[in-house]
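> I need the structure of the sequence given here:
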Amino acid sequence: MIIGRLLSTIPVLASVGVLVFSLLYLTPGDPAVVIAGDNASPQEVEELRQSLGLDQPYFVRLVTWGGGILQGDLGLSIITRQPVLDTIAERVAPTVSLMLVTLLISVAVAIPLGVAAASRPRSWIDRVVLGATVLGFSVPVFVVGYIVAYMFGLYLSWLPVQGYRPISDGVWQFLQHMILPAIALSFPYIALIARMTRATMLEVLSQDYIRTARAKGVSRSAELYQHALGNAAVPIVTVVGLGVASLLGGAVVTESVFAIPGLGRLTIEAILRRDYPLIQGVVLFFAMIYVLINLIIDLSYTILDPRIRKG
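This next block holds a predicted model:
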């Protein structure tokens, strides 16, 4: 199954690569004009286009780029002339750190909220959680980012509002720079997981085996977290995996708001500069992360639900 799932990622990544390459090919704007500057003559711009290979037909450029990927070469950045793979490697640590901290905060907050709401349906707790999830879905990430940056960074001066420190500089230094952007990025993610947890728990709590466990005198906490949550884990884990796409998209905005030198900010810089090889490489890397995380989620089903493993 693992080999089959790994092989199935190949056409997905190939499709993403062709789609991204085609969209950028059709996008207005000429990188040669950006690099050459406003004072360059048309002849100088054309010579630069030829040197960068931008004058080649669509299929020639696509085959050249695809052949390079098969050899582990994502090409050279048009602006810096550095290998795209090296540029991505320099920026991947802040983005991965932000996603992991966001994931930990989201799961730690959302699942207890969803369980609490499902355990007391139509109570004030349930209404508060539902209202909070609606708010989480409605408020854009950048708005939350500016709010928490102003409150905890500028007004209270508790935490820095910009920059990134690797964990090698110290755990506290690392967390100081990660807490605010992770809170901003986790806001809609918490809403998604909490709402799914509540809906799934409500369904599980109505099952006969839960009533049987309750009749046998099982404690309330064991009923909720051992029997009900264990059987509701597969849908919850599924939505956690699907939410990674929103994390990747939100990272682009969050890193720009908090000046984090990660892949999200690199994507914005590449788009503004019309650095096509770098844009293609970053988007393909994001797609690979998303596919691999969903592969891990699929494999986790066999651990969470023995029926899947036996099937």
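> Please point out which parts of stretch 92-110 sit buried.
92-95, 97-99, 101-103, 105-107, 109-110 (16 or more other C-beta atoms under 10 Å). For every residue, glycine as well, the C-beta is placed using N, CA and C.
> cool, stretch 216-231 as well?
E223, L224, H227, A228, L229, N231.
> and if you look at stretch 68-78?
I69, L74, G75, L76, S77, I78.
> pretty sure the third one is touching G281, no?
What it means is G75. Yes: G75 lies in contact with G281 (C-beta atoms under 8 Å); the separation is 7.1 Å.
> about what we covered before: so of the buried residues of stretch 92-110, which ones are in helices?
92-95, 97-99, 101-103, 105-107, 109-110 (DSSP state H).
> Can you tell me which of those is nearest G264?
T95 (6.2 Å; C-beta to C-beta).
> isn't the closest one right up against L263?
Yes: counting by C-beta under 8 Å, T95 touches L263, with 4.3 Å between them.
> Pick the one among the ones in helices among the buried residues of stretch 92-110 closest to M178.
Of all these, V101 has the smallest distance to M178: 4.8 Å, by C-beta to C-beta.
> show me the contacts for the closest one.
Under the criterion of C-beta atoms under 8 Å, 6 or more residues apart in numbering, the neighbours of V101 are L175, M178, I179, A182.
> So which of these is surrounded by the most neighbours?
Among the contacts of V101, A182 has the most neighbours (other C-beta atoms under 10 Å), with 25 neighbours.
> Mind pulling up the pLDDT for that one?
We have a pLDDT of 90 for A182.
> Now do the helix or strand hosting it: which elements does it pack against?
Assigned by DSSP states H and E, A182 belongs to helix 171-205. Judged by 3 or more C-beta pairs under 8 Å, 6 or more residues apart in numbering; DSSP states H and E, helix 171-205 is in contact with helix 84-119, helix 124-138, helix 141-148, helix 233-242, helix 244-257.
> Which member of the buried residues of stretch 92-110 is positioned nearest A194?
Distance to A194 across the buried residues of stretch 92-110 (C-beta to C-beta) is lowest for A110, with 4.1 Å.
> Once you drop chain neighbours, what's closest to the closest one?
Distance criterion C-beta to C-beta, 6 or more residues apart in numbering; nearest residue to A110, sequence neighbours excluded, is I193 at 3.6 Å.
> my guess is the one you found meets G114, correct?
Yes: contact between I193 and G114 holds when scored by C-beta under 8 Å: they sit 7.0 Å apart.
> give me the number of residues near L180?
24.
> who touches it in this structure?
By C-beta under 8 Å, 6+ apart, the contact set of L180 is G145, V148, A149, F152, G153, L159, P160, V161, F258.
> Narrow the residues you listed to those that are buried.
Those of these that meet the buried threshold are G145, V148, A149, F152, G153, L159, P160, V161, F258, by 16+ other C-beta under 10 Å.
> that older thread, just the closest of the buried residues of stretch 92-110 to I167, please.
Out of the buried residues of stretch 92-110, the member with the shortest distance to I167 (by C-beta to C-beta) is S97, at 7.3 Å.
> Correct me if wrong: that closest one contacts L175.
No: counting by C-beta under 8 Å, S97 does not reach L175; the two are 10.0 Å apart.
> and for T95 and L263, which residues touch both?
A251, E255.
> hmm, back to that, who's in contact with the residue nearest to A110?
By C-beta under 8 Å, 6+ apart, the contact set of I193 is S106, V107, A110, I111, G114, I236, V239, V240, G243.
> For the fourth one, which non-adjacent residue is closest in space?
Distances taken as C-beta to C-beta, 6+ apart place T197 nearest to I111, at 5.4 Å, with adjacent residues excluded.
> How about F142?
Excluding the flanking residues, the one nearest F142 by C-beta to C-beta, 6+ apart is V253, at 4.9 Å.
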